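K.L.:
Compute the structure for the input listed below.
(one chain, ligands or ions: 3)
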Amino acid sequence: MVVSAEPNIAADASVIAGLDYWRELPIKQQPQWPNAVAVAAASAKIASYPPLVFAGEVDTLRDRLAAAAQGHAFLLQGGDCAETFAGANAEQIRNRVKTVLQMAVVLTYAAEMPVIKMGRMAGQFAKPRSSDNETRDGVTLPAYRGDIVNGYDFTPESREANPERLVQGYNTAVATLNLIRAFTQGGFADLREVHNWNRGFTSNPANARYERLAGEIDRAIKFMSACGADFEALKRTEFFVSHEALLMDYERPMTRIDSRTGTPYNTSAHFVWIGERTRDLDGAHVDFLSRVRNPLGVKLGPGTSGDDALRLIDKLDPNREPGRLTFITRMGAGKIRDALPPLLEAVKASGATPLWITDPMHGNGMTTPNGYKTRRFDDVVDEVKGFFEAHRAVGTFPGGIHVELTGDDVTECLGGSEMLDENSLATRYESLCDPRLNHKQSLELAFLVAEELGRSK
Ligand SMILES: O=C[C@H](O)[C@H](O)COP(=O)(O)O
Ligand SMILES: C=C(OP(=O)(O)O)C(=O)O
Ligand SMILES: [Mn+2]
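P.N.:
Ligands and ions are numbered 1, 2, ... in the order given. Have a look, this model is predicted:
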């Protein structure tokens with residue numbers, strides 16, 4: 001990746017060779033591609049395309065996350081469980097960006113600190129699955145693994161992994177990121193406008209409980225305005241993109257040597273994370289990601305021991321670099337109060353200071369009798385509360401939230417102020433994988449997290 005007229009710094013041959021060492025290691029959750037030659041051709045094509053992000057932006061994000069790890073910023077990470085190619089249209093991208101911006105205003109006010117805005121966007125196309133296959137009415141086909149691998153339609157043709165989708169994934173990520181940059185740099189993110197959208201939400205009698213906080217923000221903005229604050233600067237905002245680094249035939253060709261430093265960056269996103277199912281210490285994903293400079297996340301489920309966390313730190317952040325490592329805990333509302341404190345204690349005792357954030361979605365899944373994967377809004381909120389309680393008890397900083405959400409009015413999660421029930425799930429269930437908070441549920445969560453942030457001060 002040539003980024004300047006400065007002399008290019010080449011990577012050591014051993015660094016480049018190391019980027020392929022994962023091929024020697026056990027690997028999980030990869031598709032059964034029918035045609036290895038076509039996969040190699042697609043990966044080579046992707047490798048020849050421009051990076052999505054510049055390494056300097058990735059470094060900026062690392063600095064921002066370092067501030068969060070030290071208790072001076074809060075991370076808001078959100079977006080679809082599985083982005084789709086069809087969903088990469090102006091309206092749906094706008095709604096998601098808008099939702100994250102609206103949540104961020106509320107959280108910024110409550111936390112009294114910067115909120116780092118990050119989408120599960122522009123690359124969240126590959127899914128790990130509990131089962132390799134899906135059976136419907138006695139017919140068994142490969143599971144849907146995300147649009148970058150195969151189609152959702154339940155036919156043998158659609159479910160076969162198709163390497164052309166790798167290139168389509170790249171192109172869709174490019175188009176998505178381009179629009180995100182346009183929205184967040186071009187005036188759409190204007191603080192006053194975003195706050196007005198929130199007034200629309202709180203003026204609904206169902207959300208009266210949040211009216212007081214919205215009123216306070218209103219007064220704060222009027223005060224800033226009266227003082228002559230530079231609202232021009234507040235028309236733009238930083239926005240980072242992230243996804244689970246799962247599909248190696250995409251992640252490897254997107255990894256390039258930064259000409260400024262001679263070190264590898266995964267240029268498919270600013271931030272990538274390793275999922276709960278692929279975080280084996282001796283596995284391919286951990287090895288590969290240990291070699292890139294991006295800030296990394298690792299999902300930690302309820303079975304994680306203190307020792308597991310410490311060994312992940314040693315492997316992924318041996319130099320204890322501020323902002324390098326984020327632990328994304330996803331314990332489940334019923335387990336977090338028991339499972340999280342010992343982890344926090346063990347890591348704290350080691351002297352390491354990763355950023356801790358909560359994913360209150362993935363430990364709270366359930367399936368309704370009529371077959372919908374869903375989550376209860378109350379469980380999501382309860383896990384967030386348990387996260388804050390655990391950090392308060394141990395004296396560590398609850399540094400952010402990671403949520404599956406959409407800006408659309410879907411009916412995928414139960415509850416919230418609209419009180420969605422099991423019968424309403426069928427009305428507008430669009431997720432191809434896990435259920436997302438809809439626009440209103442997302443805003444409501446932001447107001448509830450704001451209350452917790454207030455308590456933590
Ligand atoms: O998003 C996370 C996983 O991919 C998802 O929860 C797996 O779902 P499954 O259990 O239906 O395979
Ligand atoms: C697969 C996911 O989560 P986890 O690895 O925590 O199960 C996800 O974030 O969509
Ligand atoms: Mn998910």
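
K.L.:
Residue numbers of this protein in contact with ligand 3?
P.N.:
By C-beta under 5 Å from the ion, the residues of the chain that approach ligand 3 are C81, D434. Where C-beta positions appear, they are placed from N, C-alpha and C, glycine not excepted.

K.L.:
Might one say that G407 is in contact with L101?
P.N.:
No. Using C-beta atoms under 8 Å, G407 is not in contact with L101, being 9.9 Å away.

K.L.:
neighbour-wise, which of those two wins?
P.N.:
The neighbour comparison of G407 against L101 (other C-beta atoms under 10 Å) goes to L101, with 26 against 23.

K.L.:
hmm, back to that, need the overlap of contacts for G407 and L101.
P.N.:
Applying C-beta atoms under 8 Å, 6 or more residues apart in numbering, one finds that no residue jointly contacts G407 and L101.

K.L.:
Now do stretch 348-359: distance from first to last residue.
P.N.:
20 Å (C-alpha to C-alpha, to the nearest Å).

K.L.:
what's the neighbour count on M224?
P.N.:
There are 15 residues near M224, going by other C-beta under 10 Å.

K.L.:
How much space separates it from ligand 1?
P.N.:
Per C-beta to the nearest ligand atom, to the nearest Å, M224 is found 39 Å from ligand 1.

K.L.:
which residues sit against stretch 41-52?
P.N.:
Contacts for stretch 41-52 (C-beta under 8 Å, 6+ apart): 1, 122-123, 163-164, 166-167, 170, 173-174, 177, 241, 249-250, 252-254, 256, 265, 267-269.

K.L.:
Which pLDDT value does the model give the residue in the stretch 351-457 of the chain positioned nearest to ligand 3?
P.N.:
When distances are taken as C-beta to the ion, the stretch 351-457 of the chain reaches nearest to ligand 3 at D434, 3.5 Å away. Here the pLDDT value assigned to D434 is 98.

K.L.:
Which strand or helix spans it?
P.N.:
Under DSSP states H and E, no helix or strand contains D434.

K.L.:
Show the contacting residues for the nearest residue to it once chain neighbours are set aside.
P.N.:
Excluding its sequence neighbours, the residue lying closest to D434 (C-beta to C-beta, 6 or more residues apart in numbering) is C81, at 3.7 Å. Contacts for C81 (C-beta under 8 Å, 6+ apart) come out as R120, Q124, K127, E404, S431, L432, C433, D434, P435, R436.

K.L.:
And these, which two are furthest apart?
P.N.:
Q124 and P435 (15.2 Å; C-beta to C-beta).

K.L.:
And the strands in the stretch 51-200 of the chain, which stretches?
P.N.:
Counting by DSSP state E, counting those that start in this stretch, residue ranges of the strands within the stretch 51-200 of the chain are 74-79, 115-120, 133-136, 139-142.

K.L.:
pull the CA atoms of stretch 211-219 into CSV?
P.N.:
In CSV, the C-alpha atoms belonging to stretch 211-219 read as follows (Å, rounded to 0.1, in the frame of the first residue of the first chain):
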residue,chain,number,x,y,z
GLU,A,211,-37.9,13.2,28.0
ARG,A,212,-35.9,14.7,31.0
LEU,A,213,-32.6,13.6,29.6
ALA,A,214,-33.4,14.8,26.1
GLY,A,215,-34.5,18.1,27.6
GLU,A,216,-31.1,18.4,29.4
ILE,A,217,-29.3,17.8,26.1
ASP,A,218,-31.5,20.4,24.5
ARG,A,219,-30.5,23.0,27.0
